[in-house]
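Participant: coords below, sequence missing:
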């Protein structure tokens with residue numbers, strides 16, 4: 001069976017998760033998180049994408065590209081998206097993007113210890129291209 005064409009209605013399927021990042025997950029000075037945190041979230045949205053596309057959780061096979069564009073901090077509200085870009089016989093190409101929607105304002109003049117704000121424009125923090133695989137049809 002050859003690669004599916006753009007006529008397949010599953011192409012472009014999107015899954016979006018939102019998550020508050022607890023301060024307790026910060027590991028580094030400046031309240032920063034490690035990059036693996038977002039990669040774990042990419043795995044979660046890829047799992048739902050596989051379920052919706054193929055009725056199976058699938059398995060992550062590889063990343064062909066990962067770009068850490070800006071820091072993720074404790075107190076952020078992240079939106080993580082997976083979009084299906086390619087359909088093979090068993091493999092699926094997926095584009096990922098993580099964005100900060102809300103961020104703590106601590107340390108800013110006049111801000112309380114729990115002050116936070118909704119960002120006017122979401123901040124893209126991580127992008128990636130990956131491949132997941134699903135079991136053969138029975």
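Facilitator: Right, received. Where do you want to start? These figures come from a predicted structure and were not determined experimentally.
Participant: Please report phi then psi for residue 115.
Facilitator: Main-chain dihedrals, residue 115, degrees, to the nearest 10: phi -70, psi 140.
Participant: How about residue 88?
Facilitator: Taking degrees, to the nearest 10 as the convention, residue 88 sits at phi -100, psi -170.
Participant: low-confidence ranges in the chain?
Facilitator: Scanning the chain for pLDDT under 70 picks out the ranges 1-6, 106-112, 138.
Participant: Please enumerate the helices of it.
Facilitator: Per DSSP state H, the chain carries helices over the ranges 35-54.
Participant: Which strand runs longest in it?
Facilitator: What stands out as the longest strand in the chain, according to DSSP state E, is strand 116-133.
Participant: what bridges to the spatially closest residue to residue 77 that is not a sequence neighbour?
Facilitator: Closest residue to residue 77 apart from its sequence neighbours, by C-beta to C-beta, 6 or more residues apart in numbering: residue 102 at 3.8 Å. Using the backbone N, CA and C atoms, a C-beta is placed for each residue, glycine as well. Using DSSP bridges, the bridge partners assigned to residue 102 are residue 77, residue 118.
Participant: Could you list the buried residues of the longest strand of the chain?
Facilitator: 122-123, 125-133 (16 or more other C-beta atoms under 10 Å).
Participant: and if you look at stretch 63-80?
Facilitator: Neighbour count says stretch 63-80 has 72-80 buried, by 16+ other C-beta under 10 Å.
Participant: now the residues you listed as TSV including distance to residue 53?
Facilitator: Converted to TSV, the buried residues of stretch 63-80 look like this (distance: C-beta to C-beta, whole Å):
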residue	distance to residue 53
72	27
73	32
74	33
75	33
76	28
77	27
78	23
79	20
80	17
